[in-house]
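could you work out the structure for the sequence below:
(2 chains)
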Amino acid sequence: MKKLFPVFSVLLVFSLLLAACAKPTAAPATEIPQAATEPVEATEPAAETITLVVWDQFYRDVESQVMETLNAEFEASHPGVKIERVVKTLDDLKVTLKLALAQSDGPDVAQVNQGRSDMGAMVQADLLLPLNDYAAQYKWDERFSTSVASRNSFTPDGKTFGQGNLYGVSPTAEVVGVFYNKGLFEANGWEVPTTFDEFEALLAEIKAAGITPISFGSLDGWNAIHEFSAVQHILVTSEYINDFVYGVNNVSFDTPENQEAARIMQDWVDKGYFTDGFSGIGYDDSNKLFKAGEGAMTITGSWQVGEFLTDTDQTFGFFLLPSNEGNTRMAIGGVGIPFAIRKTTEHADLAAEYLDWMVSERAAELWFQTGTLPAMPLPASAVVEEGTLSTDALNAWNTINRENAVGHYIDWATPTFYDTIVAELQKLFGKTVTPEEFTAAVEVDYAAFLAGN
Amino acid sequence: MQVQHRWPGESRFHGWLYILPGLVIYLIFVFYPILETIRTSFYQWDGFSSNRTFIGLENYVSLINDSQFLQALLNNLTFIIFYSIIPILIGLALASLLGRRPMPGMTFFRAGLFLPQILSMVVVGVTWRWIFNPVFGPLNMGLRSLGLDALTQSWLGDFNLALPSVGSIGTWVQYGFCMILFLAGMQRIPEDQYEAAELDGANGLKQFLYITIPNLRAELGVALVTTMIAAMRVFDLVFVTTRGGPGDSTLVTGFLVYRSAFQQNRIGFAAAVATVMTVIIFVISVSILRLQSRAEEEK
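Residues are numbered from 1 along each chain as shown, chains lettered A, B, ... in the order given. Next up, the predicted model:
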């Protein structure tokens, strides 16, 4: 069975492609003989249909509706263009996209996950179209700062991350911070903390009140990275995080700051600040518990805003994890998975126009309405209501964007980093390793990568 | 015993023609991918770019030195207890309860006990993940309602409990198959053997040990081979429940193949793991079948 996986994925991709190609090729074939047999009837010449195949990973309801709306409006303003949308989960997209992009009839536009193992590997395999010319044509630099654009950039050999050609544009932005239950905060007279010391004092106070301070579940693994790295981000400098993620200047993971962040994690475990039994709870389940009013806070990304606004009787707010004086106020953040263009597409110009539409003011407005942070500016006419969860998150993003304090997802650092740090963090949270052993084990992965690159 | 291979007037070519459709499908979809996997295991390849580098046995060398692979292999072997041995024991017990004497509602019990086997592994995994949830899962809730709060656990998140927890899901799935297999086998055992034993004064347990078990030797062999293969290639259950965590405590080779191939773009290494696993499974299956046929001959 294992050996058949590659074959199955190829078959799957092929069948999708066949399905995608079936319509446009079949249509003209049936029309031509019709026109020949009935020359008297003055039928309008059928405009040639161009089908743009787009793979995206906005499978959640609210996100999917935004994409459907944007696609419909794009089709309306481009007669003769049809968008063939294929929706996948991120996992599925990651597995199938590389093979699909290598086909001459793969998707014209697709969301390509950032980082070395995805975008980097695809650039290396020469599968993606450099977007520098289109960036100039559509003035994307006015919408995105260089720090944001560098996240979608690689040198043409795919080896150096963060510089070189632009390969994608991201419609959405993300910032990792603290969601809090406003009802619980008001009932107990708790205030949003402004320093990390205040934050830890608040954790103790919440615990003393018999409430879970931080709703958390580490069974799925990946969100444990955010828990640790959010604290790491307020202890290290932004130069360090940049160097670390882009693999330059030979930095190490085995540093006193990272050990301190790891020590804080174990301290919080000891003091019972996380949900009881968190190691056996999945990410979605821990959010369900938080939505139901269990737990005063949860540390996760702004992508959850929409989720926390629907199907709940609780009211939530959002703040950036505060740093102590003297430390950089920085937060994990970035732009969402970018749209990229297949290098061998026949419709490059149209695809670029589609990308521009994905990062237009209209798109910004639609995304913001659903509680998702747009990476590009909102139109001046947009209504922003103060005091809502969406506005809290937008303000947080604007703050770190303005202060040049947009951090990184550290799992981008090496192709194996995600698996390594997830396993090591579970050991850290399970207290089977010390903070020093944790940073040393992760450093082995990172040093091996630096040595091999 | 010699069997006549060709009937008079029938060419050998004729025979090949009959199996041709099946053979072609087999060669294209099973045999060729296997060869291709073995070939890939000698290369360094990211899976989609055109540059493959031949590196000989290097993938196999790094495999032997890879602590994760060894851990995963060890976990697979542990899964044999949960996928193979316990289900066969439960299957035998249930079959001897349901098989010998007819009782009312038998079909209901047989069908009900076989049910886990026909469910999709993903459905099983998702359901058990919920059952094991420390906060709102029925298992911990049940323990709490009995006043056994001290026994509540973070089942899938605990370093010592995760593997047995996932393994016991495997047990739940596999025992139905063993039971049906043994039930079918027991239909074949002539009733007079039991009658003779009963006249000689053998009790139920003795009848089970000296009549039922020896007569089920063929079924036991089949059950052992199929369930052991299932234990060695477990993937879906781990993928849905723990993704190999916490740490590497539930990592299995099947998941390692997936992770290396599709998340880390190390297709050559993944192919080497798959090849080694195929060899191990082959060796295990052949030795069980050999043992069984030898025992058969002795009889």
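
per-residue pLDDT, B:Ala202?
Looking at B:Ala202, its pLDDT reads 84.

check the secondary structure at it for me.
coil (DSSP: H, G, I helix; E, B strand; the rest coil).

check A:Ala340 too.
Under three-state DSSP, A:Ala340 comes out as strand.

for it, give its distance to chain B.
15 Å (Cβ to the nearest Cβ, to the nearest Å). The C-beta positions use only the backbone N, C-alpha and C, and glycine is treated the same way.

also A:Asn398?
34 Å.

tell me the pLDDT of that residue.
pLDDT at A:Asn398 comes out at 81.

quick one: contacts for the residue nearest the centre of chain A?
Centroid check for chain A by Cα atoms, centre = their mean gives A:Gly336 as the closest residue, at 3.7 Å. Contact analysis of A:Gly336 by Cβ atoms under 8 Å, 6 or more residues apart in numbering or on different chains lists A:Ser170, A:Pro171, A:Thr172, A:Ala173, A:Glu174, A:Trp303, A:Ala375.

neighbouring strands - and their directions - for the helix or strand hosting the fifth one?
Okay, so that is A:Glu174. In this assignment (DSSP states H and E), A:Glu174 forms part of strand A:172-181. In the sheet, strand A:172-181 lines up against strand A:297-301 (antiparallel), strand A:316-319 (antiparallel), strand A:333-335 (antiparallel), strand A:373-374 (antiparallel) (DSSP bridges).

please state the mean pLDDT value computed over the helix or strand following it.
Where DSSP H and E defines the elements, the next helix or strand beyond strand A:172-181 is helix A:182-188. The average pLDDT for helix A:182-188 rounds to 95.

kindly report the same for stretch A:101-109.
91.

all strands for chain B, in order.
For chain B, the strands defined by DSSP state E cover B:43-44, B:53-54.

surely B:Arg100 and B:Gln187 touch.
No - taking contacts as Cβ atoms under 8 Å, B:Arg100 lies outside contact range of B:Gln187: 10.5 Å.

the more surrounded of the two?
B:Arg100 (16 against 7; other Cβ atoms under 10 Å in any protein chain shown).

mind listing what that one touches?
B:Arg100 sits in contact with B:Met186, B:Tyr194, where contact means Cβ under 8 Å, 6+ apart.

could you redo the last one with a cut-off of 10 Å?
B:Met186, B:Ile189, B:Glu191, B:Tyr194, B:Gly204, B:Gln207, B:Phe208, B:Thr212 (Cβ atoms under 10 Å, 6 or more residues apart in numbering or on different chains).

for B:Val222, see how far away it is.
B:Arg100 sits at a distance of 21 Å from B:Val222 (criterion: Cβ to Cβ, to the nearest Å).

how about the residue nearest to the spatial centre of chain B, what does it touch?
In chain B, the centroid-proximal residue (Cα atoms, centre = their mean) is B:Ala230; its distance is 1.8 Å. By Cβ under 10 Å, 6+ apart, the contact set of B:Ala230 is B:Phe79, B:Ile80, B:Tyr83, B:Ser84, B:Pro87, B:Gly170, B:Val173, B:Gln174, B:Phe177, B:Leu237.

just the closest of those to B:Phe282, please.
B:Ile80 (15.6 Å; Cβ to Cβ).

leaving out the residues flanking it, which one is nearest to that closest one?
Closest residue to B:Ile80 apart from its sequence neighbours, by Cβ to Cβ, 6 or more residues apart in numbering or on different chains: B:Ala231 at 4.5 Å.

is it true that that neighbour touches B:Leu73?
No - using Cβ atoms under 10 Å, B:Ala231 is not in contact with B:Leu73, being 11.6 Å away.

for chain A, what's the nearest residue on the stretch 151-299 of chain B?
Nearest residue of the stretch 151-299 of chain B to chain A: B:Gly157, at 2.5 Å (Cβ to the nearest Cβ).

name the nearest residue to that residue, sequence neighbours excluded.
Per Cβ to Cβ, 6+ apart, closest to B:Gly157 is A:Ser279, 2.5 Å.

then A:Ile410?
Spatially, and ignoring its direct neighbours in sequence, A:Ile410 is nearest to A:Ser229 (5.3 Å; Cβ to Cβ, 6+ apart).

tell me the SS of the one you found?
helix.

what about it, how many residues nearby?
A:Ser229: 24 neighbours (other Cβ under 10 Å).

so what's the closest residue to chain A within the stretch 1-150 of chain B up against?
Relative to chain A, the nearest point of the stretch 1-150 of chain B is B:Pro134 (2.7 Å; Cβ to the nearest Cβ). Contacts for B:Pro134 were tallied using Cβ under 10 Å, 6+ apart; they are A:217, A:219, A:275-281, A:285, B:140-141, B:152-158.

save the strands paired with strand A:172-181 as JSON lines, and put in mean pLDDT and distance to B:Ile34 too.
Converted to JSON lines, these look like this (pLDDT from 0 to 100; distance: least, Cβ to Cβ, whole Å):
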{"stretch": "strand A:297-301", "mean pLDDT": "96", "distance to B:Ile34": "43"}
{"stretch": "strand A:316-319", "mean pLDDT": "95", "distance to B:Ile34": "52"}
{"stretch": "strand A:333-335", "mean pLDDT": "87", "distance to B:Ile34": "42"}
{"stretch": "strand A:373-374", "mean pLDDT": "90", "distance to B:Ile34": "48"}
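
A:Phe438: which of those strands is closest?
A:Phe438 lies closest to strand A:297-301 among the strands paired with strand A:172-181, at 18.5 Å (Cβ to Cβ).

that closest one: what's the following helix or strand?
Strand A:297-301 is succeeded, C-terminally, by helix A:305-309 (DSSP H and E).

can you dump the C-alpha coordinates of that following helix into CSV?
The C-alpha trace of helix A:305-309 is given here as CSV (Å, rounded to 0.1, in the frame of the first residue of the first chain):
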residue,chain,number,x,y,z
VAL,A,305,-11.1,35.4,14.5
GLY,A,306,-14.0,34.3,12.2
GLU,A,307,-14.3,31.1,14.1
PHE,A,308,-14.6,32.9,17.5
LEU,A,309,-17.2,35.3,16.1
